[in-house]
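K.L.:
Model the structure of this input:
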Amino acid sequence: MVPLVIQSMQYWLSEHPKMVTFRWNTQLWGSTWLFLLTSISFYITAAVTLHHLLLPLFLRRRSRPVPLGPIPALHSLAMTLISAAIFAGTLSSVAAEIRDTRWLWQRSKTPFQWLLCFPLGTRSSGRVFFWSYVFYLSRFLLPLRTFFVILRRRTLPHIQLFYDSIFICMSFLWLEFSQSFQVFTILCVSLMYSMVFGYGFWAELGFPGPTYPGIVIHCQMFLLGCNLVFHVGAILLHFFKGGCNGIGVGFVNFVLNAVTFFMFFKFYVKMHLPIRMDVTSKPKSSSETKDEFANGKDKDD
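P.N.:
Here you go, the predicted model:
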């Protein structure tokens, strides 16, 4: 019975014909530059319009947060399940891909090096890139969090706007240029998000625990740091192991990751340094911490 269950899971996670024969092309939903730029522009415009125009127009400035009911909890649950599926599917697909293609590169690379550095000429096709495409599509669900923050706290989360837009763009570049090192990033992000959104679902149901925004900011700092490490590893392998596919765009991703990391680090320092310097001051409440996370401590709003 157990072997049949494992075999069935492997089929649906890595051996389904749609996954094995997957190929990134312009016929897929969301696979064009026009779609990418339009969707990011629409996201930013919609968030800014909601915050600066629609809410002041239809609601009083000091009115209560807009009730969202179970929508945030359902969003967290959906992201938890999707992230867990992406992690399991990517892990199973990586094992299957190494098994089937190892004879091509085993003399020049170890499996770990292959995960960081795809051989030159690699195309965006097969199991691994199928799950990379699913990961890319799932990024379009993340911006819903921005609208939840705006409706609940009446603040515009500038850092979150920037982070979501950059992550959507980077996920697209991974597929468009068959970029190396994306496998490690997908595995780390999907595993971390399955836990973060799982806790978010727990918090939305009203169960006690640490403040949710605090957990999110620490996890995002960790993920961005891991991304920088993966970039450095891929660059080193590119120069010392005969080249990595998509490394040119990898430098662009490296810069975007570095900028995003230092933005989050700056916010993290601003959020925690005053508390440590003034140990006699009143501890910040959970609601105050949430507000700071939402607006990045931007005093203009």
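
K.L.:
I'd guessed residue 145 sits against residue 75; true?
P.N.:
Yes - under the criterion of CB atoms under 8 Å, residue 145 makes contact with residue 75 at 7.4 Å. Quick note: C-beta positions are derived from backbone N, CA and C, even for glycine.

K.L.:
pLDDT at residue 32, what is it?
P.N.:
Residue 32 is assigned 94 on the pLDDT scale.

K.L.:
can you tell me which residues contact it?
P.N.:
With contact taken as CB atoms under 8 Å, 6 or more residues apart in numbering, residue 32 is in contact with residue 26.

K.L.:
Use 8 as the first number from now on
P.N.:
Sure thing, new numbering starts at 8, so read that last one as residue 39.

K.L.:
Low-confidence stretches in the stretch 58-207 of the chain?
P.N.:
67-70, 110-115 (pLDDT under 70).

K.L.:
let's go with 80 and repeat that
P.N.:
The stretch 58-207 of the chain contains residues with pLDDT under 80 at 63-72, 108-118, 160-161.

K.L.:
which residues of it fall in helices?
P.N.:
For the stretch 58-207 of the chain, helices defined by DSSP state H, counting those that start in this stretch occupy the ranges 62-65, 78-112, 118-123, 134-145, 151-160, 165-183, 189-211.

K.L.:
Single out the most deeply packed of the ones you listed.
P.N.:
Most buried of the helices of the stretch 58-207 of the chain, by mean neighbour count (mean count of other CB atoms under 10 Å): helix 134-145, with a mean of 23.

K.L.:
Now do it against helix 189-211, angle only.
P.N.:
Interaxial angle, helix 134-145 versus helix 189-211 (axes from the mean of the first three to the mean of the last three CA atoms, to 10 degrees): 40 degrees.

K.L.:
What helix or strand is residue 241 located in?
P.N.:
Per DSSP states H and E: residue 241 is located in helix 219-247.

K.L.:
Tell me what angle that helix forms with helix 78-112.
P.N.:
Put simply, helix 219-247 runs at 20 degrees to helix 78-112, going by the same axes, to 10 degrees.

K.L.:
next structured bit after the helix or strand containing residue 12?
P.N.:
For residue 12, the element it lies in under DSSP H and E is helix 9-17. Beyond helix 9-17 in the direction of the C-terminus, DSSP H and E gives the next helix or strand as helix 24-27.

K.L.:
packing partners for the next helix or strand after that next one?
P.N.:
As assigned by DSSP H and E, the chain's next helix or strand after helix 24-27 is helix 40-56. Where contact means 3 or more CB pairs under 8 Å, 6 or more residues apart in numbering; DSSP states H and E, helix 40-56 is packed against helix 151-160, helix 165-183.

K.L.:
so can I have TSV of these showing distance to residue 226?
P.N.:
TSV is the format used below for the helices and strands packed on helix 40-56 (distance: least, CB to CB, whole Å):
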stretch	distance to residue 226
helix 151-160	13
helix 165-183	12
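
K.L.:
out of those helices, nearest to residue 46?
P.N.:
Nearest to residue 46 among these is helix 165-183; the distance by CB to CB comes to 7.2 Å.

K.L.:
Contacts for the closest one next, please.
P.N.:
31, 37-38, 43, 46-47, 50-51, 54, 131, 136, 139-140, 142-143, 146-147, 149-150, 152-153, 156, 186, 189, 227, 253, 256, 259-260, 263-264, 267, 270-271, 274, 301-303, 305.

K.L.:
Pull out the buried members of the residues you listed.
P.N.:
Applying 16 or more other CB atoms under 10 Å to those, the neighbour count classes 31, 37-38, 43, 46-47, 50-51, 54, 131, 136, 139-140, 142-143, 146, 149-150, 152-153, 156, 186, 189, 227, 253, 256, 260, 263-264, 267, 270-271, 274, 301-303 as buried.

K.L.:
Out of the helices of the stretch 58-207 of the chain, which is closest to residue 242?
P.N.:
Residue 242 lies closest, by CB to CB, to one member of those: helix 118-123, at 9.7 Å.

K.L.:
elements contacting the closest one?
P.N.:
Using 3+ CB pairs under 8 Å, 6+ apart, helix 118-123 sits against helix 78-112, helix 189-211, helix 219-247.

K.L.:
Residue 164 contacts residue 154, doesn't it?
P.N.:
No - assessed by CB under 8 Å, residue 164 is found out of contact with residue 154, at 10.0 Å.

K.L.:
Now find how far off-centre stretch 154-170 is within its chain.
P.N.:
Remark: stretch 154-170 is offset 17 Å from the chain centroid, using CA atoms, centre = their mean, to the nearest Å.
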